[in-house]
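Novice: What follows is a protein structure lacking sequence information:
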Ligand code: AMP
Ligand code: MG
């Protein structure tokens with residue numbers, strides 16, 4: 001593997017060098033050959049089991065744990081850092097795109113506090129499935145390169161199989177990384193980090209009069225875009241703390257995340273999110289809150305006069321909602337298959353959700369049913385409703401709206417998945433692996449959700465919500 005470790009080389013003082021714990025009896029469960037090919041990784045002579053479990057440090061790797069802080073559920077922790085993750089290093093794709101390779105669950109680091117630095121098989125498989133589904137759905141995301149088991153049992157609420165996830169991301173620089181140095185008032189380090197980030201992700205910003213303000217603008221824009229993508233597929237991240245918000249605009253740190261079955265604006269699945277801070281419909285609001293924390297951290301770089309800096313940063317943050325709304329509108333037009341723009345589209349989309357409300361209507365299937373509806377068959381959509389006539393008024397408006405659209409059904413099918421990693425499917429796959437050591441369900445589910453737009457005859461069960469939805473279903477971050 002040809003590493004080129006700029007974080008290690010250029011950012012001394014931003015991390016702690018660390019080694020992975022040697023696993024007792026490592027086994028490779030899954031390796032993502034497709035991703036390896038996309039990244040141009042030459043794996044022919046590599047011992048993947050050893051590398052992906054942390055047993056062997058590949059030549060050229062400089063394993064390190066990154067320092068960062070973060071607001072967790074609104075409360076600031078000045079020091080979090082990689083407590084159960086280890087950066088192996090960076091690699092360039094043949095076309096020159098840089099990405100991180102990171103192990104998650106490879107043992108304690110200086111940032112582990114009371115944690116063991118390990119990961120359970122369940123959370124590893126969940127992250128693998130969800131990250132790869134997100135990628136297939138066109139959402140910017142960190143990706144899963146491999147999953148291994150370590151041969152160890154780890155203690156959680158119950159004993160679990162120890163595992164390591166190998167993931168890739170365009171970087172792991174977080175809002176919390178900036179907060180770490182801002183909180184310590186280490187302005188030189190803050191500038192160094194901002195320069196590094198600009199150089200790595202937003203080199204165009206150097207052409208601006210104020211590159212740091214421009215950086216904030218790019219990040220704000222990319223977060224708004226990212227959340228619009230989450231909202232478009234009914235995804236709830238569950239733990240949008242500032243330490244889980246990337247500067248690159250990719251989704252990272254899949255913990256207690258979930259796709260909703262039936263539409264519920266207040267959907268929360270995370271067992272630790274008691275107040276519903278990161279509920280589905282709160283996500284745009286919290287994303288704005290998160291970029292405002294980045295803005296705060298960047299103040300000393302934006303202008304030497306703090307009042308001027310605050311004014312400039314505030315303008316950008318105040319614009320978040322507008323940017324988000326326009327991305328959301330674009331996302332909905334895409335999902336509805338609209339090529340044309342009509343002034344009352346927002347109203348049509350809002351009333352679609354309004355109609356779904358309180359009717360236990362499946363999110364994914366209702367969008368997909370728009371294809372048949374646009375072909376003149378309202379039954380698939382109507383059948384999703386407890387009270388099937390509840391949607392009739394909306395259907396009339398939709399029919400009028402699509403008179404000016406050509407080829408709409410095809411577009412709807414291209415843009416709206418049939419298959420998402422539904423909670424009960426993910427849970428079943430994890431349980432089969434954890435309890436019976438059986439990975440067939442994981443493999444099958446992975447295959448289905450990574451090709452989510454095309455109907456697979458015989459696999460209807462994967463497209464459907466469970467017969468009984470557990471209204472108290474909770475996901476756990478697995479820490
Ligand atoms: P997360 O919930 O993954 O965003 O993690 C929040 C913080 O807790 C990060 O600093 C993690 O590194 C740390 N953490 C989570 N799980 C563990 C663990 N098992 N051992 C050590 N640190 C952990
Ligand atoms: Mg995290």
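Specialist: That came through fine. Keep in mind that this is a model prediction, so the values were computed, not measured. Ligands and ions are numbered 1, 2, ... in the order given.
Novice: quick one: residue 59 from residue 19, how far?
Specialist: 15 Å (CB to CB, to the nearest Å). All C-beta spots, glycine's among them, are computed from the backbone N, C-alpha and C.
Novice: Neighbour count: the two, which is higher?
Specialist: residue 19 (13 against 8; other CB atoms under 10 Å).
Novice: Just give the closest residue to the more buried one, not the sequence neighbours.
Specialist: residue 63 (5.9 Å; CB to CB, 6 or more residues apart in numbering).
Novice: Which parts of the stretch 251-400 of the chain are helices?
Specialist: 283-302, 306-318, 320-335, 345-356, 363-374, 379-382, 392-401 (DSSP state H, counting those that start in this stretch).
Novice: can you list the ones you listed in JSON lines and add mean neighbour count and mean pLDDT?
Specialist: Shown next, in JSON lines, are those (neighbours: other CB atoms under 10 Å; pLDDT from 0 to 100):
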{"stretch": "helix 283-302", "mean neighbour count": "21", "mean pLDDT": "98"}
{"stretch": "helix 306-318", "mean neighbour count": "15", "mean pLDDT": "98"}
{"stretch": "helix 320-335", "mean neighbour count": "17", "mean pLDDT": "98"}
{"stretch": "helix 345-356", "mean neighbour count": "16", "mean pLDDT": "97"}
{"stretch": "helix 363-374", "mean neighbour count": "22", "mean pLDDT": "98"}
{"stretch": "helix 379-382", "mean neighbour count": "17", "mean pLDDT": "98"}
{"stretch": "helix 392-401", "mean neighbour count": "14", "mean pLDDT": "98"}
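Novice: Ligand 1 is nearest to which of those?
Specialist: helix 283-302 (13.2 Å; CB to the nearest ligand atom).
Novice: Give me every residue in the stretch 151-300 of the chain lying close to ligand 1.
Specialist: Residues of the stretch 151-300 of the chain lying near ligand 1 by CB under 6 Å from any ligand atom: 239, 243, 244, 253, 255.
Novice: still on that earlier bit, could I get the helices of the stretch 251-400 of the chain as JSON lines with distance to residue 90?
Specialist: Output for the helices of the stretch 251-400 of the chain, formatted as JSON lines (distance: least, CB to CB, whole Å):
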{"stretch": "helix 283-302", "distance to residue 90": "22"}
{"stretch": "helix 306-318", "distance to residue 90": "29"}
{"stretch": "helix 320-335", "distance to residue 90": "29"}
{"stretch": "helix 345-356", "distance to residue 90": "40"}
{"stretch": "helix 363-374", "distance to residue 90": "36"}
{"stretch": "helix 379-382", "distance to residue 90": "47"}
{"stretch": "helix 392-401", "distance to residue 90": "48"}
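Novice: which residue packs closest to whichever residue of the chain sits closest to ligand 2, ignoring adjacent ones?
Specialist: Of all residues in the chain, residue 253 sits closest to ligand 2, at 3.7 Å by CB to the ion. Nearest residue to residue 253, sequence neighbours excluded (CB to CB, 6+ apart): residue 244, at 4.2 Å.
Novice: now residue 425
Specialist: residue 445 (5.5 Å).
Novice: Isn't residue 263 up against residue 363?
Specialist: Yes: if you go by CB atoms under 8 Å, residue 263 and residue 363 touch, sitting 4.7 Å apart.
Novice: any common contacting residues for the two?
Specialist: 234, 356 (CB atoms under 8 Å, 6 or more residues apart in numbering).
Novice: report the longest strand in the chain, please.
Specialist: strand 143-155 (DSSP state E).
Novice: Residue 42: which element?
Specialist: Counting by DSSP states H and E, there is no helix or strand that carries residue 42.
Novice: Next, the distance between the ends of stretch 250-265.
Specialist: 23 Å (CA to CA, to the nearest Å).
Novice: what do you get for stretch 396-406?
Specialist: 18 Å.
Novice: What is the burial count for the residue nearest to residue 19?
Specialist: When neighbours are counted by other CB under 10 Å, residue 63 comes out with 22.
Novice: Surely it is in contact with residue 85?
Specialist: No: counting by CB under 8 Å, residue 63 stays clear of residue 85, with 10.4 Å between them.
Novice: quick one, domains of this protein?
Specialist: Domain segmentation of the chain under automatic domain parsing yields 6-173, 340-404.
Novice: Tell me which of these lies nearest to residue 285.
Specialist: domain 6-173 (12.3 Å; CB to CB).
Novice: Between the two ends of the closest one, what distance do you get?
Specialist: Note: domain 6-173 ends 13 Å apart using CA to CA.
Novice: Report the distance from that domain to the chain centre.
Specialist: 15 Å (CA atoms, centre = their mean, to the nearest Å).
Novice: That one and ligand 2, are they touching?
Specialist: No: Domain 6-173 stays clear of ligand 2 (CB under 5 Å from the ion), getting no nearer than 7.5 Å.
Novice: Quick check: mean pLDDT of that domain?
Specialist: On average, the pLDDT along domain 6-173 is 97.
Novice: helix, strand or coil for residue 185?
Specialist: coil (DSSP: H, G, I helix; E, B strand; the rest coil).
Novice: count of residues packed around the residue nearest to residue 253?
Specialist: There are 22 residues near residue 244, going by other CB under 10 Å.
Novice: ok, it touching residue 250?
Specialist: No: judged on CB under 8 Å, residue 244 makes no contact with residue 250 at a distance of 10.9 Å.
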